[in-house]
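Student: no letters, just coordinates:
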């Protein structure tokens, strides 16, 4: 009807190669007249691949997941894969729902961040046969590979550094239990470092918190109102640390003179605030790239036996810690 | 085969209602044995709706788009819609590609952020007949509604405030031209305020910049190396402003004593840095909620004539500006 070749129509539909403006217009006009909608799924079934990677994250706010997405997209584009993201809010119900949605649109593979990976979801992933990689935390599952930072070791090193600077009164603002990476594992590293130095855990100085700046402010208030003040503070994330520093300064306490602070994540803002925050740095973008690269290998049938990749981390020491 | 009712199978597939663990297991086992995959699209075609909203954004890093997504998801969930996101990187090629991908999976509607909305994309949207709303900037198109902050007026007010504090030597770090909202429109507000006060534009003090903190540092260096220093600085985004403040302080200049600074966006970090940054505040989450709400009205055939919604803004004055 448009008087053009089939390959021109295909180019317009898939936007795969440049098409002259007037030809594109003619094809689009005919598609409109005939109410033609290319059925992506029928096309996918025909060639038995969708070139689509599904990404399931709890949220992108207040986390380093924006960096992670950046890494996933960078590598996916190189290999010719599209990505689609869904935000689950971290509930099992949404995780199952979106997993089935991606399954329904024939996604080739899925990259998943889930704080509290439940058995039902693991079961669904295994039964589906869709290649899947977990990011941000260890999967504890033989069948699902994962890419993450070694949260326990990194937290252990950060707190050991504080102990080496002479601190023994060290508080921690941790994320909620159940949140495996920034909750349980980073707390476990803190616990190990104190135990090794023979320092008992002080209940008043361990506060569970959400992960926003405001949560950090609130958690710091609780520690300030405890019977005595710590000389140092380890925070599960930089945002929590930045909120805690805000609360300390607003209440006339000096950093690091009165309280030393160490964060975790190495977000750009950690170097912009004053004093500059000492923090555990790693590349969330690298986590995303490693996940995408190995997922694509699995999709293409490469021999990627389920395993767990750790990206490297290091303690960036800046101005928020002093020796005592 | 699983010895359960059809409605139980449906519940397992759609995860619509709770199912006993052993029943769920039986259904999943049979689905696995028979390689059954629920075809979401076939289901959608049958009921002529997908309950899916596509969201197309350039990126989520270094922007307020994380807040925006939060707003979109909040409202979409209330009305029973799923959302899927794709990141276009801001190129027309990807925008056309992902639009067609969403079309292929029968998305009911699309929320789109595009810095430089090209004619080809507008044409494709109009031809497709899929309800679409543009966020973050004015559409300049009669057929596509939009939700945004009034960038020109807000920037005009911020710069007029600096003039009222006695400043006449006012620099601007703007986003790149072509980036309509934080590039062109916010610069237009700056230009209008200076023109109204009879202050000529100084070429050395207007620097185009990317939108990361590092870009802000680099842009501020250029202004510092110009023949003379301004007494005030207006930045197109808070991240640019935070980078510029970092560069000023690292080079021994005091804020606001030597240079006053005003940002734009009101991100949480603007209140965490010292001095606290005066900035144009608005709710990106409200933009997302308004867009989702009105898109869903259009999807459901409500009488939403294409129009443009503005969310409110105000200047939050903090500690980074002084009177001279």
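Tutor: Sure, I can see it. From a predicted model like this one, the values you see are computed outputs, not experimental measurements.
Student: lowest-scoring secondary structure element of chain A by mean pLDDT?
Tutor: The weakest-scoring helix or strand in chain A, judged by mean pLDDT, DSSP states H and E, is helix A:40-47 (a mean of 50).
Student: for whichever strand or helix holds residue A:77, packing partners?
Tutor: Secondary structure assigned from DSSP states H and E places residue A:77 in helix A:65-78. Helix A:65-78 sits against strand A:52-57, strand A:82-87, helix A:284-299, with contacts defined as 3 or more CB pairs under 8 Å, 6 or more residues apart in numbering or on different chains; DSSP states H and E. All C-beta atoms are positioned from the backbone trio N, CA, C, and that covers glycine.
Student: looking at those, which is closest to chain B?
Tutor: Nearest to chain B, of all those, is strand A:82-87, at 4.0 Å by CB to the nearest CB.
Student: Three-state assignment for residue A:97, please.
Tutor: What DSSP: H, G, I helix; E, B strand; the rest coil gives for residue A:97 is helix.
Student: surely it touches residue B:83?
Tutor: No. The criterion here is CB atoms under 8 Å, and residue A:97 misses it with residue B:83 at 11.8 Å.
Student: who has more neighbours out of those two?
Tutor: Legend: neighbour count by other CB atoms under 10 Å in any protein chain shown for residue A:97 and residue B:83, higher for residue B:83 (21 against 17).
Student: any idea how far that one lies from residue A:64?
Tutor: Distance, residue B:83 to residue A:64, by CB to CB, to the nearest Å: 21 Å.
Student: quick one, what contacts residue A:175?
Tutor: Residue A:175 sits next to A:182, A:183, A:186, A:208, A:209, A:210, A:211, A:236, A:237, A:240 when contact means CB atoms under 8 Å, 6 or more residues apart in numbering or on different chains.
Student: pLDDT at the residue of the stretch 101-250 of chain A found nearest chain B, what is it?
Tutor: Closest to chain B within the stretch 101-250 of chain A is residue A:104: 2.5 Å, counting by CB to the nearest CB. Residue A:104 is assigned a pLDDT of 89 by the prediction.
Student: what's the burial count for it?
Tutor: Neighbour count for residue A:104, taken as other CB under 10 Å: 21.
Student: just residue A:314 next, same as before
Tutor: As a burial measure, residue A:314 scores 12 neighbours (other CB under 10 Å).
Student: does residue A:27 touch residue A:21 like I think?
Tutor: No. Using CB under 8 Å, residue A:27 makes no contact with residue A:21, being 11.0 Å away.
Student: where does the closest residue to residue A:162 other than its chain neighbours sit relative to residue A:195, distance-wise?
Tutor: Spatially, and ignoring its direct neighbours in sequence, residue A:162 is nearest to residue A:232 (4.7 Å; CB to CB, 6 or more residues apart in numbering or on different chains). Per CB to CB, residue A:232 is found 17 Å from residue A:195.
Student: so those two - more neighbours on which side?
Tutor: A direct count of neighbours by other CB under 10 Å for residue A:232 and residue A:195 places residue A:232 higher, at 26 against 11.
Student: the more buried one and residue A:248 touch, don't they?
Tutor: No. Counting by CB under 8 Å, residue A:232 does not reach residue A:248; the two are 11.9 Å apart.
Student: what residues do the two have in common as contacts?
Tutor: Overlap of the contact sets of residue A:232 and residue A:248 (by CB under 8 Å, 6+ apart) consists of A:259, A:261.
Student: which residues in chain A form helices?
Tutor: A:6-14, A:21-33, A:40-47, A:65-78, A:92-104, A:119-128, A:151-164, A:186-196, A:213-224, A:238-250, A:284-299 (DSSP state H).
Student: for residue B:322, which of those helices is the nearest?
Tutor: helix A:238-250 (20.4 Å; CB to CB).
Student: mind giving me the packing neighbours of the closest one?
Tutor: With contacts defined as 3+ CB pairs under 8 Å, 6+ apart, the packing partners of helix A:238-250 are strand A:170-175, helix A:213-224, strand A:232-235, strand A:260-265.
Student: how about 10 Å then?
Tutor: Packed against helix A:238-250, as judged by 3 or more CB pairs under 10 Å, 6 or more residues apart in numbering or on different chains; DSSP states H and E, are the following elements: strand A:170-175, strand A:206-209, helix A:213-224, strand A:232-235, strand A:260-265, strand A:278-282.
Student: hmm, residue A:57 is touching residue A:84, no?
Tutor: No. Contact criterion CB atoms under 10 Å: residue A:57 and residue A:84 do not qualify, at 11.6 Å.
Student: need the residues touching each of the two.
Tutor: residue B:85 (CB atoms under 10 Å, 6 or more residues apart in numbering or on different chains).
Student: hang on, the earlier thing: which pair of the contacts of residue A:175 spans the longest distance?
Tutor: A:186 and A:210 (14.6 Å).
Student: coming back round to it: just the buried positions in the helix holding residue A:77, please.
Tutor: Across helix A:65-78, burial judged by 16 or more other CB atoms under 10 Å in any protein chain shown covers A:65, A:66, A:67, A:68, A:69, A:70, A:71, A:72, A:73, A:75, A:76.
Student: and which of the residues you listed is nearest residue B:166?
Tutor: For those, the nearest to residue B:166 is residue A:66 (39.1 Å; CB to CB).
Student: ok, now which ones touch the closest one?
Tutor: Counting by CB under 10 Å, 6+ apart, the residues that residue A:66 touches are A:57, A:60, A:267, A:284-285, A:288, B:59-63, B:65-66, B:87.
Student: highest neighbour count among those?
Tutor: residue A:288 (30 neighbours).
Student: does it touch residue A:53 like I think?
Tutor: No. Using CB under 10 Å, residue A:288 makes no contact with residue A:53, being 11.1 Å away.
Student: shared neighbours of those two, anything?
Tutor: Contact criterion CB under 10 Å, 6+ apart; residues shared by residue A:288 and residue A:53: A:72, A:73, A:75, A:76, A:111.
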